[in-house]
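Participant: Here is the input, now give the coordinates:
(2 chains)
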Amino acid sequence: MVLINGTAENAAGMTVEEYISETDYNKSRVAVEINGEIISKALYTQTVLNDGDTVEIVGFVGGG
Amino acid sequence: MSFDAAKAKRYARHLVLKEIGLNGQKKLSVAKVLVIGAGGLGSPAVMYLASAGVGEIGIADYDKVDLSNLQRQIIHTTDRVGMKKTASAQISAKAVNPDVNIIPIDERLDPDNIIRIISEYDFILDCTDRFETKFMINDACVIAGKPYSHAGVVRFGGQAMTYIPGRGPCLRCLLGSVPHDSETCSNAGVVGAAAGVLGSIQALEAVKYITGAGKLLCGRVLSFDGLHMNVRVHKVSGSDPHCTVCGKEPSITDLSVNRNDYYIYGCSTGGDEE
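Facilitator: Here you go, the predicted structure:
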């Protein structure tokens, strides 16, 4: 299981890119941190979520 | 600040707080805070900073009050439609607290003037309404070494975080490059009270920074989803060492390097600073 924003999810084996594409997040407006390290967007397609990872996905909006 | 009976009464609810007290109130009275954008986020932020007794509040906005602003921009009033937002905000802030000094800044912030303007202030609030401007403020604050509060709001929610130089990630660490999409346009909609929540958080961060109270949203992003009433504080503790503005070998050392990034792609009309 992968702990994503505090919820255990069955996402091990998926890349960050694959996970995000299955959610409502917009890739250009998210920040992804895995085990305390920010993942650059260029690495989303090659970064695989592993069992036991702690992931924070933060969506941003630009209005004010 | 001479502390007369009227001030003791005005700030009585601050004075009883152990985190603020008389020392904190004195710090607030000599602090200078710049609010960029007197719109949905900036309206509550300016009102709370003024009522808190922040000594000098700069308000930057080049727009005029429009009838469509009043659904959320609570610092402005119906009889001020057409007035400069800075002038309208000044009237409301001074009505709440005549002791604070309000500096209206009507010029449009751009890569050529922003560093000069922010350098006058202790803390900056980004209350603007699009990513291009938010990134310009982020980059300027990183380059000038200024702490600032970021926030964004659309529909029923948004996010807030605080950047403190050398102590946590900046907006560019988290997002990389400027997202160019139309989501911030007026057609996405926004509930006034949601902007009120996030703008109030920004004012609270400023008060905490100035008085040294508590723990800032530095290295953390608060996500507020008012539609389902979920709040999460994401820990994003690490700065990106490869960040192009605050990393170890930054390529953005001057705002002219990235000038095109700050150009507005999404919305072609309306003010920058909502």
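
Participant: Tell me the residues on chain A that lie near chain B, please.
Facilitator: Neighbours of chain B within chain A, by CB under 8 Å from any CB of the partner chain: A:5-6, A:26, A:28-31, A:33, A:36-38, A:40-41, A:56, A:58-64. In short, each C-beta sits where N, CA and C put it, glycine included.

Participant: Turn the buried ones among these into a named PyMOL selection, would you?
Facilitator: Here is the PyMOL command that selects the buried residues among those (16 or more other CB atoms under 10 Å in any protein chain shown):
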select buried, chain A and resi 28+29+30+31+33+38+41+56+58+59+60+61+62+63+64
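
Participant: which residue ranges form the strands in the stretch 51-200 of chain B?
Facilitator: Under the criterion DSSP state E, counting those that start in this stretch, the stretch 51-200 of chain B contains strands at B:56-60, B:101-105, B:123-126, B:148-154, B:157-163.

Participant: Direction-wise, compare the second one with strand B:56-60 and give the angle.
Facilitator: To tie it back to what came earlier, the one meant is strand B:101-105. Taking axes from the mean of the first three to the mean of the last three CA atoms, to 10 degrees, one finds that strand B:101-105 is oriented at 20 degrees with respect to strand B:56-60.

Participant: from the middle of its chain, how far away would the helix ranked longest in chain B be?
Facilitator: Ordering each helix of chain B by length in residues (DSSP state H) puts helix B:192-211 first. The chain centre lies 8 Å from the centre of helix B:192-211; the measure is CA atoms, centre = their mean, to the nearest Å.

Participant: Now do the buried residues in that helix.
Facilitator: Residues of helix B:192-211 classed as buried by neighbour count (16+ other CB under 10 Å): B:192, B:194-211.

Participant: Please list the residues of the stretch 51-200 of chain B that sit near chain A.
Facilitator: B:126-131, B:134, B:151-155, B:157-159, B:169, B:173-177, B:179-181, B:183-184, B:188, B:190, B:195.

Participant: rerun at 6 Å
Facilitator: B:127-131, B:152-154, B:158-159, B:173-176, B:179, B:184, B:190 (CB under 6 Å from any CB of the partner chain).

Participant: Can you turn the buried part of those into a ChimeraX selection?
Facilitator: Selection of the buried residues among these in ChimeraX, burial being defined by 16+ other CB under 10 Å:
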select /B:127,128,129,130,131,152,153,154,158,159,173,174,175,176,179,184,190
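
Participant: Please tell me how far residue B:43 sits from residue B:134.
Facilitator: Counting by CB to CB, to the nearest Å, the gap from residue B:43 to residue B:134 is 18 Å.

Participant: residue ranges of the strands in chain A, please?
Facilitator: A:2-4, A:7-9, A:30-34, A:37-38, A:54-59 (DSSP state E).

Participant: Reformat these into a markdown table and put mean pLDDT next to each item.
Facilitator: As requested, these are exported to a markdown table (pLDDT from 0 to 100):
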| stretch | mean pLDDT |
| --- | --- |
| strand A:2-4 | 97 |
| strand A:7-9 | 97 |
| strand A:30-34 | 95 |
| strand A:37-38 | 91 |
| strand A:54-59 | 97 |
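
Participant: any chance of those strands in a markdown table, plus distance to residue B:165?
Facilitator: Output for the strands of chain A, formatted as a markdown table (distance: least, CB to CB, whole Å):
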| stretch | distance to residue B:165 |
| --- | --- |
| strand A:2-4 | 30 |
| strand A:7-9 | 33 |
| strand A:30-34 | 19 |
| strand A:37-38 | 18 |
| strand A:54-59 | 21 |
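
Participant: tally of neighbours for residue 23?
Facilitator: I'll assume chain A. Look at residue A:23: counted by other CB atoms under 10 Å in any protein chain shown, it has 11 neighbours.

Participant: You answered for a different chain; I wanted chain B.
Facilitator: So residue B:23, with other CB under 10 Å, has 11 neighbours.

Participant: Roughly how far does it sit from residue B:156?
Facilitator: Residue B:23 is 38 Å from residue B:156, by CB to CB.

Participant: do residue B:218 as well
Facilitator: For residue B:218, the distance to residue B:156 (CB to CB) stands at 26 Å.

Participant: Point out where chain A drops to low pLDDT.
Facilitator: In the prediction, chain A carries no residues with pLDDT under 70.

Participant: cool, the stretch 101-250 of chain B as well?
Facilitator: Checking the stretch 101-250 of chain B against pLDDT under 70 turns up B:182, B:184-185.

Participant: Provide the contact partners of stretch B:188-207 at residue level.
Facilitator: For stretch B:188-207, contacts defined as CB atoms under 6 Å, 6 or more residues apart in numbering or on different chains pick out A:63, B:33, B:40-41, B:44-45, B:48-49, B:52, B:71-72, B:123, B:125, B:149, B:151, B:153-158, B:160, B:162, B:216, B:224, B:226.
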